[in-house]
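> give me a model of this one.
(one chain, ligands or ions: 1)
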Amino acid sequence: MDNSAGGAIAQPDTYGRPHLAAVDSRVHELLLRQERQERTTLKLIASENFASSAVLEATGSIFTNKYAEGYPGARYYAGNEIVDELETLAIERLKALFGSEHANVQPYSGSPANQAVYRALLSPRDKVMGLPLPEGGHLTHGWSVNFSGSDYQRVPYRLHEKTQQIDYDHLRETAKRERPKLIWVGGTAYPRIFDYAAMAEIASEVNSYLVADIAHICGLVVAGVHPNPVSHCDVVTSTSHKSIRGPRGGFILSRNEDRYQPLHHPKSKHNLRRVPSSARRTAYEYYRRACRRFAGSSELVLSCLRSADRPQRQGSGPGASGARL
Ligand SMILES: Cc1ncc(COP(=O)(O)O)c(C=O)c1O
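Residues are numbered from 1 along each chain as shown. Okay, here's the model as predicted:
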């Protein structure tokens, strides 16, 4: 066990409560090892990020103790006055950041946020259009092994064979033929800009809900280097722990004012603006080292890499094992 924190960590806090190191040295040791691993290895997992100490402090806080079902001012449990203030603060900040009329900050992560959209807008067996997983879409956009593929009828759209970008003509044709009730725009591994205006036009022609999932590109939207979908879509979902380095969680935005506000923290915005060019530089380096890029190039944070000729052993990719720094 690493005792680098010394005796200080074993001292009780100001309320006399013992620290983790004193209560459960095994768990404390695992936390320290995880911290050391993160500091000394590089994991190229696009969904992950490094939360600041302030975010870690806020998420490992006294609010863990509280039950708060319901909404601010309308809870099932007593004693939620401060929780109400906190949830309202988060809602107001998100609304200002994205220019949405409404925000829900309760989803535990991106998949439950998407599930809430299904429950709110659709009935079981309704048709849902999305980009298939192998083409860069997410499991919850209608993939077979997920609830979204088993409880709803999947109508996939696809990438253009040559450009490896969304084939909007094919999408329009399919939407007109299939009349889906909801169309997803967004993905996990699609390194190009989404054309929300084109998607909104198609959705309106076929009277579908248009829902943007910006889990991966949220930080780029906030920084103004990717269009904001809020004014084009009925609903927008996201995670808060990927490109905006927030706490592990999800949120849902809905209509609709065409404006956005600067990030609360100007330095974060500056850093986020640099993400596309560093993604391009990283992609180029990998390309140079005999990897083949998917979708030709990267406009966004993502560079999708596939080993040119060798099948990867399970758990042996850069994201799986981590390269030593
Ligand atoms: C586009 C997209 N939506 C939703 C999710 C689900 O987020 P979570 O894993 O936080 O549930 C992901 C996860 O990576 C994602 O890439």
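
> so where's the stretch 101-250 of the chain shaky on pLDDT?
By pLDDT under 70, the stretch 101-250 of the chain has no low-scoring segment.

> which parts of it sit against the ligand?
109-111, 114, 138, 140, 186-188, 213, 215-216, 239 (C-beta under 6 Å from any ligand atom). Quick note: C-beta positions are derived from backbone N, CA and C, even for glycine.

> farthest-separated two in those residues?
Taking C-beta to C-beta as the measure, these span a maximum distance of 16.5 Å, between Ser109 and Gly187.

> more crowded one of the two?
Using other C-beta atoms under 10 Å, the more surrounded residue of Ser109 and Gly187 is Gly187, with 25 against 15.

> hang on, isn't that one packed against Leu131?
Yes - the criterion here is C-beta atoms under 8 Å, and Gly187 meets it with Leu131 at 5.2 Å.

> now list whatever residues contact both of the two.
When contacts are counted by C-beta atoms under 8 Å, 6 or more residues apart in numbering, Gly187 and Leu131 are jointly contacted by Gly137, His141.

> centre of the chain to the longest strand along the chain, how far?
Once the chain is assigned using DSSP state E, the strand that runs over the most residues is strand 250-256. Strand 250-256 has its C-alpha centroid displaced from the chain centroid by 13 Å (C-alpha atoms, centre = their mean, to the nearest Å).

> residues of it that come out buried?
Across strand 250-256, burial judged by 16 or more other C-beta atoms under 10 Å covers Gly250, Phe251, Ile252, Leu253, Ser254.

> for Glu101, see how far away the second one is.
What that stands for is Phe251. According to C-beta to C-beta, to the nearest Å, Phe251 stands 14 Å off from Glu101.

> quick one: which of the buried residues of strand 250-256 is nearest Gly224?
Leu253 (16.5 Å).

> I'd say Gly142 and Val155 touch.
Yes - taking contacts as C-beta under 8 Å, Gly142 lies within contact range of Val155: 7.3 Å.

> report the set of residues contacting both of the two.
Here Gly142 and Val155 have Val128, Met129 as joint contacts, going by C-beta under 8 Å, 6+ apart.

> which one of the two is surrounded by more residues?
More crowded of Gly142 and Val155, by other C-beta under 10 Å: Gly142, with 29 against 19.

> what sits against whichever residue of the chain sits closest to the ligand?
Residue nearest to the ligand within the chain: Gly110 (2.5 Å; C-beta to the nearest ligand atom). By C-beta under 8 Å, 6+ apart, the residues touching Gly110 are His138, Thr140, Asp213, Ala215, Thr237, Ser238, Thr239, Gly250.

> show me the residues you listed that map onto strands.
Using DSSP E, those in strands are Asp213, Thr237, Ser238, Thr239, Gly250.

> drop anything exposed from those residues.
Asp213, Thr237, Ser238, Thr239, Gly250.

> which non-adjacent residue is nearest the first one?
What it means is Asp213. Distances taken as C-beta to C-beta, 6 or more residues apart in numbering put Gly186 closest to Asp213, at 3.3 Å, once the chain neighbours are dropped.

> surely the one you found touches His141?
Yes - between Gly186 and His141 there is a contact at 7.5 Å, judged by C-beta under 8 Å.

> please enumerate the shared neighbours of those two.
By C-beta under 8 Å, 6+ apart, the residues touching both Gly186 and His141 are Leu131, Asp213.

> which residue is nearest the centroid of the chain?
Centroid-nearest residue in the chain: Ala215, 2.5 Å away (criterion: C-alpha atoms, centre = their mean).

> mind listing what that residue touches?
Applying C-beta under 8 Å, 6+ apart, one finds that Ala215 lies in contact with Ser47, Gly110, His138, Gly186, Thr188, Thr237, Ser238, Thr239, Lys242, Gly250.

> just checking, the third one touches Thr188?
What that stands for is His138. Yes - using C-beta under 8 Å, His138 is in contact with Thr188, at 4.7 Å.

> between the two, which one's more packed in?
When neighbours are counted by other C-beta under 10 Å, His138 comes out ahead of the other of His138 and Thr188, with 25 against 20.

> quick one: contacts for that one?
Contacts of His138 (C-beta under 8 Å, 6+ apart): Gly110, Asn114, Gly130, Trp184, Gly186, Gly187, Thr188, Asp213, Ala215.

> show the backbone phi and psi for the fourth one.
Yep, that's Trp184 we're talking about. phi -90, psi 140 (degrees, to the nearest 10).

> just checking, it touches Leu131?
Yes - between Trp184 and Leu131 there is a contact at 7.1 Å, judged by C-beta under 8 Å.

> between these two, what contacts are shared?
By C-beta under 8 Å, 6+ apart, the residues touching both Trp184 and Leu131 are Gly137, His141.
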